[in-house]
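Student: how would this look folded up:
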Amino acid sequence: MTDSPTAIARQVLTTEAAALTRLADDLPPDFDAVVTRLLALPGRVIVSGMGKSGHVANKIAATLASTGTPAQAVHPGEASHGDLGMITRSDAVILISNSGETRELADMIAYCTRFEIPLIAVTKRAGSTLARAADHLLQLPDAPEACAIGMAPTTSTTLTMALGDALAVALMQHRGFDREGYAAFHPGGTLGAQLLRVSAVMHRGEALPVVTPDTPMGETLVVMSAKGFGVAAVVEKDQLKGVITDGDLRRNLDGLTGRTAGEVATPNPRSIAPDALLTEALAEMNAHKIGALMVTEEGRLLGLIHIHDLLRTGVA
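Tutor: Numbers count the residues shown, from 1 in each chain. You can find the predicted model right below:
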């Protein structure tokens, strides 16, 4: 009788987790040498494999490229028909083959040997053709595949992808690749938005609803309406002295037009620095139930960021 889907899933995950533990406990001896070599590499890391290994190669190349290590995936079939020209002597090549005998990799192996291009093998078999040709061997544990017939690439692809992640992160940290670098490579989508700084989206200059402390409230209301943020910044000699919000207007309805902006404003308002992340601005707005934040540096008003700006970028 076939086990339940849940039981099968647990067995698959347990099998793969055990293999990952083996890999973590006994990393390939050449791992540090590979990191050192790739750190000094003047060109790119070329990653290739056939079948499921090819899909993993694409993922590893993408992860390397997005974390500060220039990389490109090359299909071995296309390589044999001209794409070997994409690989230069400044590059290094990572070839992935569980058996180490994938015949489609033969031309890439020969090309690396001929032009003395560093070759890194990711394979389970140390005595394989690929392993023997390589300058560095990242050997995977001889762990069983997680499928019932023991043949479908499951554990082996998980191990290879995890090893690729380990390599990318080690390179990333040794390069000192930081959040700013990551943001530069990920400008699109929610991830890119979360890494944006306030200065990238804040309103500046003539767009700001600025009044002075002695501005009559009648004029202040006109400024608030014209600028469309629902707030006004009370500024004196470039220094932010207070903020007027809809709440301040409601609290001062009696005789409002006979007062000045400085009399109505809330002093010492909450503000944020221009180099803060958009996620920090959102947290500040949520915590204090406000829809806009003044952007300041040493008390000087630089800009304004509104909740609508965060909505447009996808952060909120």
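
Student: from here on, contacts and neighbour counts on C-alpha atoms
Tutor: Noted.

Student: Helix, strand, or coil at His308?
Tutor: At His308 the chain is in helix, as set by DSSP: H, G, I helix; E, B strand; the rest coil.

Student: got it, and Thr2?
Tutor: coil.

Student: where's it relative to Ala226, distance?
Tutor: 70 Å (C-alpha to C-alpha, to the nearest Å).

Student: neighbour-wise, which of those two wins?
Tutor: Neighbour count, other C-alpha atoms under 10 Å: between Thr2 and Ala226, Ala226 has more, with 12 against 6.

Student: Shouldn't the more buried one be within a helix?
Tutor: Yes: Ala226 forms part of a helix when assessed by three-state DSSP.

Student: Model confidence for the closest residue to Glu297 other than its chain neighbours, exactly?
Tutor: The shortest distance from Glu297 to any non-neighbouring residue, by C-alpha to C-alpha, 6 or more residues apart in numbering, is to Ala273 (6.0 Å). We have a pLDDT of 96 for Ala273.

Student: Ok, Glu180 next?
Tutor: Reported pLDDT for Glu180: 64.

Student: Next: Pro187.
Tutor: Reported pLDDT for Pro187: 58.

Student: re earlier: mind checking how far the residue nearest to Glu297 is from Ala283?
Tutor: 14 Å.

Student: which residue ranges form the helices in the stretch 51-200 of the chain?
Tutor: Assigned by DSSP state H, counting those that start in this stretch, the stretch 51-200 of the chain shows helices spanning 52-66, 76-79, 106-114, 129-133, 155-175, 179-185, 189-194.

Student: And Trp151, its phi and psi?
Tutor: Actually, residue 151 is Met. It isn't Trp. phi -120, psi -30 (degrees, to the nearest 10).

Student: nearest spatial neighbour of it, skipping sequence neighbours?
Tutor: Closest residue to Met151 apart from its sequence neighbours, by C-alpha to C-alpha, 6+ apart: Glu145 at 6.3 Å.

Student: Who are the contact partners of that neighbour?
Tutor: 15-16, 151-156 (C-alpha atoms under 8 Å, 6 or more residues apart in numbering).

Student: mind showing which ranges of the chain have poor pLDDT?
Tutor: By pLDDT under 70, the weakly predicted segments of the chain are 1, 178-194, 316.

Student: Fine, thanks again, bye for now.
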